[in-house]
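Engineer: Everything below, folded, please.
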Amino acid sequence: MASDQDLRERILEAVRARQGSGARRSELRREVGCHRGAEADRFREVFRDLCAEGILLRQRGGRYVQAATKALVAGTIQVNSRGFGFVTRQDGAPDIFIPPPALLGAISGDRVLVALTDQDDERGPVGEVRRITERRHRVLVASLVELPSGPAVRPLRRELPAFVDLADGGHAIDPADVDPGDWVEVSLLPPDSPQAPLQAVLLRRLGGADPISADLDAIVAEFGLPEPWSAAEEQAAARLEPVALERVDATALEAVTIDPLDAQDFDDALSIEPGPQPGLVTIGVHIADVAAYVPADSAFDAGARARGFTAYLPGRTLPMLPAALAGRTCSLIAGEERLAHSVFMDIDAASGEVVSRRRQRTRLRVVQRLTFEDVAAILADDPALRGRVPPRVHQIVRHLGEVACACRARRAAQDGFLDLALPEIRVLCTGAPPRIQALQRVEAGPAHQLVEEFMLAANTAVAEELLERGLPGLFRNHDEPKPADLAAFLVWARQTLHTRLPALGDRAAVNRLLAEVGQDALRDTVLAQFLRALPRAGYGVECRGHYGLGKEIYCHFTSPIRRYPDLVVHQQLLALDLGRTPRGAGDCDALGQACTSLEEQVDTATYAAVDRLKLRYLRQRQEQSPGEVYEGTVSRCSTDGLGVYLPEVGMVGIIPASRLPGGPYRLDRHSGQLRGSRGGKSCKAGDVIYVQCRRADTVRGELHLEPVQARV
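Structural biologist: Okay, the predicted model is just below:
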């Protein structure tokens, strides 16, 4: 039996064959071969849908014709939990609002064709989905649940429907072998009609009895993260020999690595020595020479290219390169000689100006492994560290810190970079299977800034060389925000900060705004909202500049162990140094597009894992200390309720409007406030609010809160 979609097309073909004269319903039914019984019933349902969707119009005399075809707009749809959607257009024009009846069964991520209507809506132009051209999520990961209506699944991705019913049959595994709460992989079935509910069939059960491992298994499957390298591949990687080329012996340099305490690979080191002239110092940025072991199109290049990036999930790392390379052969381990790709920069110690630069292949022996905490203590002259770190290393770090401060001041004055460093709340896990030990707040202090300055300088130096030599590579590009997105942020900021703010015409204006906010949870909230107004950075063969950094020329060079774009740059330079033919611009452009997509995929998976483990941690705390109260900052007001940022956790939780005292509430769109109908209570973004954890939803990754002493 043909599908309903096939039947729709056959009906429309029959109508079009009449060339505008139209046809009676009975004529069409006979023409498409639906004579009686179930076939006739299906015809009536499909025909009714075509009329309801405005595709078929009834003319005088009961004859039906196809509605005049409007120009269809292509785009990608995102469906809100309240049932409506927005289509982001391919042509970059304003998003199209799709009312719930006009979705045609589309779900978030689908590629659709939309017809614009004559309706008006404050949310933008209004349209109707006419065709789903690509179903993005045909296979998805979800948790099995038992509803009053029968078994269903809850998709992991919160942008997808809250529930999808299980079909009566057609499963690849026995539903009886899956318990409620288990993670499963399911396949969506094509709907019988646009109005039919989605259904899915079970493909496989994911994960075991350990909840944290099961969460991580589910996220790896949902976001298509690669399997670990095999034992045979690890053994082959351990036997790799480097490409032979001339190297400078830099083992006498006193180089140090600076990394997080739990770092698993060390791909950069720093050295400092007197420069060629008084007032100059020579900074060495030494990067693991991965390309010497993994040149373009070599044995492990394809696997690294497919992975794109190392995924650092809490409790699980999925490396871009085999551990034999990433953690041993290429890693700049203190006390062991390694191959490095070094950038030496002569810098004016007082002004921070890079006077000259050169790139060399070197042999290096790191003298000391340092953590960010070690460096912070040295810069603060903490006496507790003096016995653990040699005095000479103290001197090296302090000297590096002084030069980094000069470089940062010069960069602020000349580039006007945006200070967008948000505190990170890390989930610390130990053991196997992993157990959550604690949450750790990490802020970008002087130690992080020291490393950042010299990595930025090296990346810029290499990008300049690529352009000077006309060598195709991958540049790190960050476009300016769209004026409409900046305007929307400015409206929110004015409502939140309760002050008149000038237009954010340049980076200096943005930095002034952030400086005025201060250094508390409100600044985190404002900064997070501003980051949402910025486009994602990406990779490309064309150098378009980096808005956030204020750089006209920039690339990624300093992390080839964990980022494939960096490895591509190293491979191109290796081909240049060996006199070989490098990749062409077309190949680099394709790699840039692929890496941009892979980076977003890995980032999204990482955020999903972090959120779910944070929620499990909160659930543990709730069990240990029922009624624990958290201080939060209101980040968003909507007709649905409040979004509340919890700085202790680094998450935004939800308070439905129905759970706020003094309701019902209405949203004042001019002020951005939620106003209660009883007692004159109101709430606005920026308010401090005290909450308890009502529910930690580890399936959808959502935190539901309850106000206890809310200022509403």
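Engineer: any idea how far L703 is from V427?
Structural biologist: Distance check for V427 against L703: by C-beta to C-beta, to the nearest Å, it reads 14 Å. Where you see a C-beta, it was placed from the backbone N, CA and C, and this is true even at glycine.
Engineer: my bad, L7
Structural biologist: Going from L7 to L703 by C-beta to C-beta gives 45 Å.
Engineer: now do L160
Structural biologist: L160 is 19 Å from L703, by C-beta to C-beta.
Engineer: same for whatever helix or strand A232 lives in, what does it pack against?
Structural biologist: Element membership for A232 (DSSP states H and E) is helix 231-238. With contacts taken as 3 or more C-beta pairs under 8 Å, 6 or more residues apart in numbering; DSSP states H and E, helix 231-238 sits against no other helix or strand.
Engineer: Show the backbone phi and psi for D192.
Structural biologist: phi -70, psi -30 (degrees, to the nearest 10).
Engineer: Please report how far it lies from V46.
Structural biologist: According to C-beta to C-beta, D192 and V46 sit 9 Å apart.
Engineer: Between these two, which has more neighbouring residues?
Structural biologist: V46 (22 against 16; other C-beta atoms under 10 Å).
Engineer: quick one: that one and D4 touch, right?
Structural biologist: Yes - if you go by C-beta atoms under 8 Å, V46 and D4 touch, sitting 5.4 Å apart.
Engineer: For these two, list the residues in contact with both.
Structural biologist: S193 (C-beta atoms under 8 Å, 6 or more residues apart in numbering).
Engineer: re earlier: what's the overlap in contacts for D192 and V46?
Structural biologist: What both D192 and V46 touch, as defined by C-beta under 8 Å, 6+ apart, is the set D4.
Engineer: residues contacting R392?
Structural biologist: E254.
Engineer: Name the next helix or strand downstream of the one helix or strand it maps to, please.
Structural biologist: Take DSSP H and E as the rule and R392 turns out to sit in helix 391-414. Sequence order places strand 424-430 as the next helix or strand after helix 391-414, per DSSP H and E.
Engineer: Each with direction, which strands does that next one pair with?
Structural biologist: Using DSSP bridges, the strands paired with strand 424-430 are strand 435-442 (antiparallel).
Engineer: and the very next helix or strand once past the partner strand, which residues are buried?
Structural biologist: Using DSSP H and E, the helix or strand that follows strand 435-442 in sequence is helix 446-469. For helix 446-469, burial by neighbour count (16 or more other C-beta atoms under 10 Å) applies to 446-466.
Engineer: what pLDDT does the closest residue to A236 other than its chain neighbours get?
Structural biologist: Spatial nearest neighbour of A236, chain neighbours left out: A299 (7.0 Å); criterion: C-beta to C-beta, 6 or more residues apart in numbering. What the model reports for A299 is a pLDDT of 87.
Engineer: try the one 3 residues further on
Structural biologist: Model confidence at A302, expressed as pLDDT, equals 96.
Engineer: What separation do you get for V285 and G592?
Structural biologist: When V285 is compared with G592 (using C-beta to C-beta), they lie 23 Å apart.
Engineer: of the two, who's got more company?
Structural biologist: V285 (28 against 22).
Engineer: Just checking: what are the partner strands of the helix or strand that contains the more buried one?
Structural biologist: Using DSSP H and E, V285 sits within strand 280-288. The strands that strand 280-288 pairs with in its sheet are strand 268-274 (antiparallel), strand 337-348 (antiparallel) (by DSSP bridges).
Engineer: mind checking which of the ones you listed is nearest G181?
Structural biologist: Closest of the strands paired with strand 280-288 to G181 is strand 268-274, at 43.0 Å (criterion: C-beta to C-beta).
Engineer: Show me the beta-bridge partners of the residue nearest to E134 when sequence neighbours are not counted.
Structural biologist: Excluding the flanking residues, the one nearest E134 by C-beta to C-beta, 6+ apart is R111, at 3.8 Å. Beta-bridge pairing for R111 (DSSP bridges): T76, E134.
Engineer: Do a quick rundown of the helices in the stretch 501-650 of the chain.
Structural biologist: With helices called from DSSP state H, counting those that start in this stretch, the stretch 501-650 of the chain shows them at 507-517, 521-533, 564-578, 585-624.
Engineer: Show me which residues of the third one are buried.
Structural biologist: Translated: helix 564-578. Buried residues in helix 564-578, counted by 16+ other C-beta under 10 Å: 564-575, 577.
Engineer: Show me this protein divided up by domain.
Structural biologist: Here the domain parsing of the chain from automatic domain parsing is 4-66, 72-134, 139-206, 231-480+536-608, 483-533, 625-707.
Engineer: Export the ones you listed as CSV, with columns for distance to A214.
Structural biologist: Conversion of the domains of the chain to CSV gives the following (distance: least, C-beta to C-beta, whole Å):
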stretch, distance to A214
domain 4-66, 36
domain 72-134, 24
domain 139-206, 5
domain 231-480+536-608, 9
domain 483-533, 29
domain 625-707, 10
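Engineer: Of the ones you listed, which is nearest L216?
Structural biologist: Of the domains of the chain, the one closest to L216 (C-beta to C-beta) turns out to be domain 231-480+536-608, at 5.0 Å.
Engineer: and that closest one, how far out from the chain's middle?
Structural biologist: Here domain 231-480+536-608 is found 21 Å from its chain centre; the criterion is C-alpha atoms, centre = their mean, to the nearest Å.
Engineer: likewise stretch 645-665?
Structural biologist: 24 Å.
Engineer: Any buried residues in it, and which?
Structural biologist: By 16+ other C-beta under 10 Å, the buried positions in stretch 645-665 come out as 645-647, 649-655, 657, 659-660, 662-663, 665.
Engineer: what does stretch 508-515 give?
Structural biologist: By neighbour count with 16+ other C-beta under 10 Å, stretch 508-515 contains the buried residues 510-511, 513-514.
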